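>>> sequence plus predicted model, see below.
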Number of protein chains: 2
Amino acid sequence: MLAHDIAADALLTGEHETASPRLSAADAALARHSVRSYRDVPVTDDELHRLLELTGRAPSAFNLQPWRFVVVRDQQAKDQLRAAAYGQKQVGDAPVVIAMYADMEDTMAHLDEVVHPDLPADKKAGTIAMLTNTFGSMTTEARGVWANAQSNIALGYLLLIAKSEGFDTSPMLGFQADQVKQILGVPATATITALVALGRGADDGFRSHRHSIERVATFV
Amino acid sequence: MLAHDIAADALLTGEHETASPRLSAADAALARHSVRSYRDVPVTDDELHRLLELTGRAPSAFNLQPWRFVVVRDQQAKDQLRAAAYGQKQVGDAPVVIAMYADMEDTMAHLDEVVHPDLPADKKAGTIAMLTNTFGSMTTEARGVWANAQSNIALGYLLLIAKSEGFDTSPMLGFQADQVKQILGVPATATITALVALGRGADDGFRSHRHSIERVATFV
């Protein structure tokens, strides 16, 4: 755990100190691309805390926030993860690798934490009963799939916010999930949403082309 | 389809005209929350085109970009969608409702469009063969689930970018998917990622609380 918190006030007023430029979401979307080589510059506790706090602002259905994070800076752990990720060098080389995962079983076991604290007690109980019924009637696997889709909303937030704050990233799906879970102590029923290498890029990375709007959108 | 395009140059240089303030990704994440009442102010073709172009910058594994959009402004279509969405008023009232969906079958049928155009022909063919093999060995349902997770990364982008550009949103998962597909002509094998009401908010909406970092993150 981090030794200290950033005051919520500083986050809300944008007064948190940073040497990084802040890009608009639009400029971050245009500038961001996957980077596989990183400079040997640490990402500080404050920077990581801020990134995850902002990522956690992502919306989720019923406010369930099923996403969880393991932030890996220990070199031995990164080396183990790299082996589980088919040797992808950014897993070993980036100053930080964030393992994002969706844990719907932990979410279900603590529904009292996600129901709005201002609700009256009877409404809280009713909401928890509704959620327990809705997701309890699904298989563990099916609700895990649902939670992982939600966790990917937060992944979109993380990647865009990181770029806006001056960091580069490389999200990865190429890994042996069972090994990653074992290395990091992630529950077997959880789904690894992605491994995300994060740091300050040493090169420009690889620019992917994208579909035109006309290819993917219809207007009614 | 839109009658005109925004020049890519304008997007890339950020010279596109807008009356909206541009928030950093961080400020957008802090300011954004679901809004269910919208002012009767149209969202222009240019604004929509820009939002979707930026949303389409989201990363996806193998650059598959399986997300698709139906942008609904027609009142009759919105009213039909509202009925399919259990009467949620923002579906009928917001100036725009974007139905995001993941269409992995369309993606698979056009892999040539997502392989990088600069690759030599033999590498292109090899990549297409690898992708065809990888996803062709999955069931339609399983690869649809995979594509929907990817589409949610773009949903995170859309929600954050919309706020940064001065729009409010309300993403929804509460709808009868079969009806939504039928109303909008979305293929039965596709997955509706979310309905997203979009416009300029008429009220402050509902602020959800979020987990603390300590609750969802472990540092290694």
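Looks like it arrived, so ask away.
>>> tell me which element whichever residue of chain A sits closest to chain B falls in.
Scanning chain A for proximity to chain B using CB to the nearest CB identifies A:Gly156 as nearest, at 2.2 Å. All C-beta spots, glycine's among them, are computed from the backbone N, C-alpha and C. A:Gly156 belongs to helix A:140-164 when assigned by DSSP states H and E.
>>> can you check what angle separates that helix from helix B:140-164?
Computed by axes from the mean of the first three to the mean of the last three CA atoms, to 10 degrees, the angle separating helix A:140-164 from helix B:140-164 equals 40 degrees.
>>> for helix A:140-164, give the mean pLDDT please.
Helix A:140-164 shows an average pLDDT of 98 in the prediction.
>>> ok, now how distant is the residue nearest to A:Arg32 when sequence neighbours are not counted from A:Ala188?
Spatial nearest neighbour of A:Arg32, excluding adjacent residues (CB to CB, 6 or more residues apart in numbering or on different chains): A:Lys163 at 4.0 Å. Spatial separation of A:Lys163 from A:Ala188 under the definition CB to CB, to the nearest Å is 33 Å.
>>> give the closest residue to A:Lys181 in space, chain neighbours not counted.
Leaving aside its chain neighbours, A:Lys181 sits nearest to A:Ala188 (6.2 Å; criterion: CB to CB, 6+ apart).
>>> burial measure for that neighbour, as a count.
A:Ala188: 9 surrounding residues under other CB atoms under 10 Å in any protein chain shown.
>>> what does the one 10 residues further on give?
Using other CB under 10 Å, A:Leu198 has 25 other residues around it.
>>> the strand or helix carrying it - what's its average pLDDT?
Here A:Leu198 sits within strand A:191-199, counting by DSSP H and E. What strand A:191-199 shows for mean pLDDT is 98.
>>> show me what it is packed against.
Strand A:191-199 makes packing contacts with helix A:89-93, strand A:96-102, helix A:140-164, strand A:168-172, helix A:177-184 when contacts are defined by 3 or more CB pairs under 8 Å, 6 or more residues apart in numbering or on different chains; DSSP states H and E.
>>> which among these is found nearest to A:Arg200?
Closest approach to A:Arg200 among these (CB to CB): strand A:168-172, 6.4 Å.
>>> low-confidence regions, chain A specifically.
Across chain A, the ranges flagged by pLDDT under 70 are A:1-20.
>>> how about a cut-off of 80?
Scanning chain A with the threshold set as pLDDT under 80 gives A:1-21, A:203-208.
>>> for the residue nearest to the spatial centre of chain A, give me its contacts.
Nearest to the mean C-alpha position of chain A, by CA atoms, centre = their mean, lies A:Leu155 at 4.3 Å. A:Leu155 makes contacts with A:Trp67, A:Met100, A:Pro171, A:Thr193, A:Ala194, A:Val196, B:Asn152, B:Ile153, B:Gly156, as judged by CB atoms under 8 Å, 6 or more residues apart in numbering or on different chains.
>>> can I assume the second one is in contact with A:Ala154?
Yes: between A:Met100 and A:Ala154 a contact is recorded at 7.1 Å, counting by CB atoms under 8 Å.
>>> what sits in contact with each of these two?
A:Trp67, A:Thr193.
>>> out of the contacts of A:Leu155, the closest to A:Ala26 would be?
Ranked by distance to A:Ala26 (CB to CB), the contacts of A:Leu155 are led by B:Gly156 at 14.4 Å.
>>> how near is that closest one to B:Lys163?
B:Gly156 is 11 Å from B:Lys163, by CB to CB.
>>> next one: A:Leu111
Distance from A:Leu111 to B:Lys163, by CB to CB: 27 Å.
>>> please identify which of those two sits among more neighbours.
Higher neighbour count among A:Leu111 and B:Lys163: B:Lys163, with 22 against 18, using other CB under 10 Å.
>>> who's in contact with the more buried one?
Here B:Lys163 is in contact with A:Ala25, B:Leu23, B:Ala28, B:Ala29, B:Ala31, B:Arg32, B:Thr169 (CB under 8 Å, 6+ apart).
>>> tell me the secondary structure for the fourth one?
Using DSSP: H, G, I helix; E, B strand; the rest coil, the three-state assignment for B:Ala29 comes out as helix.
>>> now do the same contact list for it.
Applying CB under 8 Å, 6+ apart, the residues contacting B:Ala29 are A:Leu54, A:Thr55, A:Arg57, A:Ala58, A:Tyr157, A:Ile161, B:Leu160, B:Lys163.
>>> just put those residues in TSV and tack on distance to B:Gln182.
Converted to TSV, these look like this (distance: CB to CB, whole Å):
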residue	distance to B:Gln182
A:Leu54	38
A:Thr55	36
A:Arg57	34
A:Ala58	30
A:Tyr157	32
A:Ile161	37
B:Leu160	30
B:Lys163	31
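>>> for these, which single residue is the most surrounded?
B:Leu160 (33 neighbours).
>>> my guess is that one contacts A:Ala25, does it?
Yes: look at B:Leu160 against A:Ala25 with CB under 8 Å: they come within range, at 5.0 Å.
>>> find residues that contact each of those two.
Both B:Leu160 and A:Ala25 are contacted by A:Leu160, B:Ala25, B:Ala28, under the criterion CB under 8 Å, 6+ apart.
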